[in-house]
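I'll drop the sequence and a predicted model, then ask my questions.
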Amino acid sequence: MASLQISGSVKFEPLVGFNRIRYFRPIGSLGFPRFRRRFSIGRPLLLRSSSSFSGDKIGESDGDAKRFITDAERDGSGSVLGFQLTPGDQETFSTSTGEIKHQEEKKEAIDETVMADFGVPGNRAVEEGAAEVRIPSGKAEVVNNLVFVTSEAAPYSKTGGLGDVCGSLPIALAGRGHRVMVVSPRYLNGTAADNNYARAKDLGIRITVNCFGGSQEVSFYHEYRDGVDWVFVDHKSYHRPGNPYGDSKGAFGDNQFRFTLLCHAACEAPLVLPLGGFTYGEKSLFLVNDWHAGLVPILLAAKYRPYGVYKDARSILIIHNLAHQGVEPAATYTNLGLPSEWYGAVGWVFPTWARTHALDTGEAVNVLKGAIVTSDRIITVSQGYAWEITTVEGGYGLQDLLSSRKSVINGITNGINVDEWNPSTDEHIPFHYSADDFSEKIKCKMALQKELGLPIRPECPMIGFIGRLDYQKGIDLIQTAGPDLMVDDIQFVMLGSGDPKYESWMRSMEETYRDKFRGWVGFNVPISHRITAGCDILLMPSRFEPCGLNQLYAMRYGTIPVVHGTGGLRDTVENFNPYAEGGAGAGTGWVFTPLSKDSMVSALRLAAATYREYKESWEGLMRRGMTRNYSWENAAVQYEQVFQWVFMDPPYVS
Ligand SMILES: Nc1ncnc2c1ncn2[C@@H]1O[C@H](COP(=O)(O)OP(=O)(O)O[C@H]2O[C@H](CO)[C@@H](O)[C@H](O)[C@H]2O)[C@@H](O)[C@H]1O
C-alpha cells in the first residue's frame, strides 16, 4: 500500500499516517471545462457542467438553462448558502409544490417567519397542498443544511438497518430545526412497494451526469414529509425487479454504475433543486452513508472545490457496515467521473495473500476507502464499533487507514423510530401492552404460535431471530447449535432472507422439527413486528454488529435479547445480574462471549430457565428494557456536536 503516490498534481501521503490531500492544479485546467459556475446577482446563470441542467419548466433551451438569480442567501460571514433561482423572463416557475408563487411573496413569507425566528435561510416556504410556512421546532443551538445520501431510506426502500436509520434520523434532526434533505434512488420493482413513491412528484429538473464513458440523464422526484425533503433520483437503472442491490440471481452487475449516478446527482441536488423556493446551497453538510454514497466526499474534493464550489461544504461519512466497501477492478476507475489524477483516493491494493493468482497485482478501486480519506469526519453507529474498525479483527483491511483518522472518528449509538416500534400502538400486532401493564404480551405470543402453526403453549419459552441470512449475523452458529437447542423444551422462529444455503437449511429444520421450529424465508415487516412482540427471547449471535436495531426493538417490546458481546450489541445490552441492587437485579439481557456454540447455547438455556423459574427476575428484565429511552433525540444531540466540530476545521481535503 506504500505506492499511493500518484501522477499529476495531487499528492498523497502514504496511507498510514495519512494526513491531508492538497490539490495544486489551477482552476480551469481539469477535464471539466463546463463546470465553472459564475454566480452573479441579477445576471443570467448558466447552469451546465458534468451535470448539464434542464427542466420542464426551468430552462428549456436544450441543456443550457438561462436562469436568473434574484437573490442570494448568505450566512453571517457572507458565505453564500443558497440562491433564489428564476427562469429568465418568467415571473413564476414550477417546483415540487406544483405551482408557482411569486418570488416576492415567497421571500416575504420566509423573511417574516423562519428567518426572523432562527436567523437561517427559509427552511420551508410553501408545500404541495398546503400553502403554509413550516417552522422548524428550533431546538438545535446551531442549525445546518443537511444532505443525507443513502442507498435506502424507509419506508421508501429498506433491506436492513441502513433504511431504518436513514428513514428516521433525518426526521429527528429536522424536528430540531435543521433543514434536511435525503437523497436516494427511486427504485421501482413492479410490486406494490412502488406505491411508496406515489406522493413524490417530478420536480421537472434534469441533469446530465458524465460517467461510464457517456452521459446519463437523471431526474429528481420530491416529497416533503415530516419536515424532511425526500429527494429521489430517477434513472432507468433503478427500475427493475428485486431489491435495491440485487435479485434472486445475486447482486446486480451494474451497482457501481447505479451508485455512481446517485453520488453525482446528490452533489448537484443542493445546487439545483429549489426546494420550498430555495436551494440548499453550498454550505451544505453531506451525511454520506456507507460505500454507496462514498463517492460524494471525493467528488466534493476533486470535482467541485478546485473551482471554488462547495468550499464551505463539509462531509461526514457514516459507517453502518465496513464489510461492504464497493470494491471493483482498478480498470473501472475511469467510469467514476473523477479526474484521472485522483486515482490515489480510491486506489486500493489487496494484500498478497488475498490475490487470486501469481499475476494478480491486487489493484482495485475501493469507494469506501476513498470516502475515508476525503471526508471531513467519520461517525460509526456505536462507540464499540468505532474502536473495532481500527483493529485487525474489525477493520476489514482498512484498520490502519481508519486508525490514522482516529481523532475525527466518533461513535454514536443509533436510536429507533419509537412511533413505529411502540407495543402500545403497533398496528402490526394483535394485542397492545406497555411497561406499566404487559399482561397482553402473552396473548401476542399465543397469536404468533397460532399464526405459525406451532402448538399454543404460553408457558413454553419462545426464541426469535430476525435478520439478513448472512455470515455477519452468525447464522452458521445457529445452524451448528440447532440440534442441541431442539432437545430443549422451547420454540424457535427465524425470519430472514439472504444466503440461499441458509434459506434451505431453515426450511429443512422446519421439516424436521415441526412442533418446535419455524423458518420464515423472506422480508416481511409486519411479521417482524409480531415476532418481536410474541417471542420471549431474541437471539443475535452476530459475528460483528456495528449497532444492531433488533435488540433495541426487542427491549422496547419486553423481549429479552441474548446477544454476542460485540460492537453495538455490547454497548446496548446490559448483562443480567440477579444479585445487583440488593437482589432486585440489574441488566436487560444476556451478553455471551466468546462467539461459540457452547457459550451461545448456555446463555439461551440460562435465559429460558430464568423465564420458567424466576418470574420476578424476568419481569424486572422486561421492565428495565421497556423503560429505557431509545428515541433519536439522544443521538441527534450527539450528531449536532459533531456538526459543530466539522465546521470548526477547514475542509480535510482542500
Ligand atoms: N427478513 C426480514 N423481514 C423484515 N425485516 C427485516 C428482515 N431482516 C431484517 N429486517 C429488519 O432490518 C433491520 C435490520 O437492522 P440491523 O441494524 O439489525 O442490521 P443491518 O445489518 O441490516 O444494518 C447495518 O446498519 C444498521 C444501522 O446503522 C446497524 O444497526 C447494523 O449493525 C448494521 O449491520 C431491522 O429493522 C430488522 O427488523
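Perfect, I can see it now.

for the closest residue to Asp194 other than its chain neighbours, give me its contacts.
Nearest residue to Asp194, sequence neighbours excluded (C-beta to C-beta, 6 or more residues apart in numbering): Leu188, at 4.9 Å. C-beta here means a position set from N, CA and C on the backbone, and glycine is covered the same way. Leu188 makes contacts with Asp194, Tyr197, Tyr238, His239, as judged by C-beta atoms under 8 Å, 6 or more residues apart in numbering.

which bits of the stretch 151-300 of the chain sit near the ligand?
The stretch 151-300 of the chain has residues Gly160, Gly161, Leu162, Asp164, Val165 near the ligand, with proximity defined as C-beta under 6 Å from any ligand atom.

ok, now how distant is Val349 from the ligand?
Per C-beta to the nearest ligand atom, to the nearest Å, Val349 is found 26 Å from the ligand.

and that residue, backbone torsions?
Here is the backbone geometry of Val349 (degrees, to the nearest 10): phi -120, psi 120.

Ile560 bridge partners, please.
Beta bridges link Ile560 to Ile537 when assigned by DSSP bridges.

tell me which parts of the stretch 351-500 of the chain are close to the ligand?
By the rule C-beta under 6 Å from any ligand atom, the part of the stretch 351-500 of the chain lying against the ligand is Val381, Asn414, Ile466, Gly467, Arg468, Leu495, Gly496, Ser497.

hang on, the earlier thing: which one (most neighbours) among the contacts of Leu188?
Highest neighbour count within those: Tyr238, with 20 neighbours (other C-beta atoms under 10 Å).

number of nearby residues for the closest residue to it other than its chain neighbours?
The shortest distance from Tyr238 to any non-neighbouring residue, by C-beta to C-beta, 6+ apart, is to Pro185 (4.3 Å). Counted by other C-beta under 10 Å, the residues lying close to Pro185 total 26.

with the one 5 residues further on instead?
The burial count assigned to Gly190 is 10, neighbours taken as other C-beta under 10 Å.

I'd like the distance between it and the ligand.
20 Å.

hang on, the earlier thing: which residues does the residue nearest to Tyr238 contact?
Going by C-beta under 8 Å, 6+ apart, Pro185 touches Ser151, Ser157, Phe232, Val233, Asp234, His235, Tyr238, Pro244, Arg258, Leu262.

recalculate using a threshold of 7 Å.
For Pro185, the contacting residues are Ser151, Phe232, Val233, Tyr238, Arg258, Leu262, by C-beta atoms under 7 Å, 6 or more residues apart in numbering.

which ones are touching His428?
Pro526, His529, Arg530.

again, only using 6 Å
By C-beta atoms under 6 Å, 6 or more residues apart in numbering, His428 lies in contact with Pro526, His529.

quick check: phi and psi at Leu539.
According to degrees, to the nearest 10, Leu539 has phi -100, psi 130.

what count of nearby residues applies to the residue in the stretch 351-500 of the chain that the ligand sits nearest to?
Of all residues in the stretch 351-500 of the chain, Val381 sits closest to the ligand, at 3.9 Å by C-beta to the nearest ligand atom. Neighbours of Val381 under the rule other C-beta under 10 Å: 29.

okay if I get the contacts of Leu188 as CSV plus secondary structure and pLDDT?
Below are these laid out as CSV (DSSP: H, G, I helix; E, B strand; the rest coil; pLDDT from 0 to 100):
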residue, secondary structure, pLDDT
Asp194, helix, 98
Tyr197, helix, 98
Tyr238, helix, 98
His239, strand, 98
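
and which of the residues you listed is nearest the ligand?
Asp194 (18.6 Å).

three-state assignment of the closest residue to Asp254 other than its chain neighbours?
Nearest residue to Asp254, sequence neighbours excluded (C-beta to C-beta, 6+ apart): Ser237, at 6.3 Å. At Ser237 the chain is in helix, as set by DSSP: H, G, I helix; E, B strand; the rest coil.

neighbours of Ser237, how many?
By the criterion of other C-beta under 10 Å, Ser237 has 17 neighbours.

repeat for Met506
The number of residues near Met506, taken as other C-beta under 10 Å, comes to 24.

near the ligand, which residues of the stretch 501-650 of the chain?
Residues of the stretch 501-650 of the chain lying near the ligand (C-beta under 6 Å from any ligand atom): Phe523, Asn524, Val525, Ser528, Glu545, Pro546, Cys547, Gly548, Leu549, Asn550, Gly568.

low-confidence bits of the stretch 151-300 of the chain, can you list those?
Residue ranges of the stretch 151-300 of the chain with pLDDT under 70: none are present.

just to revisit the earlier point, list phi and psi for the residue nearest to Asp194.
Backbone torsions for Leu188, taken as degrees, to the nearest 10, come to phi -120, psi 120.

who does it form a beta bridge with?
His239.

now the nearest residue to Thr352 once chain neighbours are set aside: phi and psi?
Excluding the flanking residues, the one nearest Thr352 by C-beta to C-beta, 6+ apart is Gly362, at 7.1 Å. Here is the backbone geometry of Gly362 (degrees, to the nearest 10): phi 70, psi 10.

so who does Gly362 touch?
Counting by C-beta under 6 Å, 6+ apart, Gly362 makes contact with Val349, Phe350, Arg355.

where is pLDDT lowest across those?
pLDDT across the contacts of Gly362 is at its lowest for Arg355, which sits at 82.

between the two ends of stretch 442-462, how far is it?
Using C-alpha to C-alpha, to the nearest Å, one end of stretch 442-462 lies 11 Å from the other.

going forward can the numbers begin at 50, since that is how I track them
Yep, numbering from 50; the last one is stretch 491-511 now.

and it, how far from the chain's centre?
34 Å (C-alpha atoms, centre = their mean, to the nearest Å).

tell me which residues of that stretch are tucked away?
Lys492, Cys493, Lys494, Met495, Ala496, Leu497, Gln498, Leu501, Leu503, Cys509, Pro510, Met511 (16 or more other C-beta atoms under 10 Å).

touching, the last one and Asp585? I think so.
Looking back up the chat, that one is Met511. Yes. If you go by C-beta atoms under 6 Å, Met511 and Asp585 touch, sitting 5.2 Å apart.

picking that back up, from the residues of the stretch 400-549 of the chain next to the ligand, keep the buried residues only.
Of these, these count as buried by 16+ other C-beta under 10 Å: Val430, Asn463, Ile515, Gly516, Arg517, Leu544, Gly545, Ser546.

export the residues you listed to JSON lines and tack on secondary structure?
What follows is these, written out as JSON lines (three-state DSSP):
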{"residue": "Val430", "secondary structure": "coil"}
{"residue": "Asn463", "secondary structure": "coil"}
{"residue": "Ile515", "secondary structure": "strand"}
{"residue": "Gly516", "secondary structure": "coil"}
{"residue": "Arg517", "secondary structure": "coil"}
{"residue": "Leu544", "secondary structure": "strand"}
{"residue": "Gly545", "secondary structure": "strand"}
{"residue": "Ser546", "secondary structure": "coil"}
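
is it correct that Val430 is in contact with Glu594?
No. Val430 lies out of contact with Glu594 (C-beta under 6 Å); the separation is 9.5 Å.

now do the shared contacts for those two.
When C-beta under 6 Å, 6+ apart defines a contact, no residue borders Val430 and Glu594 alike.

surely Asn238 meets Tyr287?
No. Counting by C-beta under 6 Å, Asn238 stays clear of Tyr287, with 9.2 Å between them.

which residue is the nearest non-sequential neighbour of Ala633?
Gly669 (6.6 Å).

pLDDT score assigned to the one you found?
Looking at Gly669, the pLDDT reads 97.
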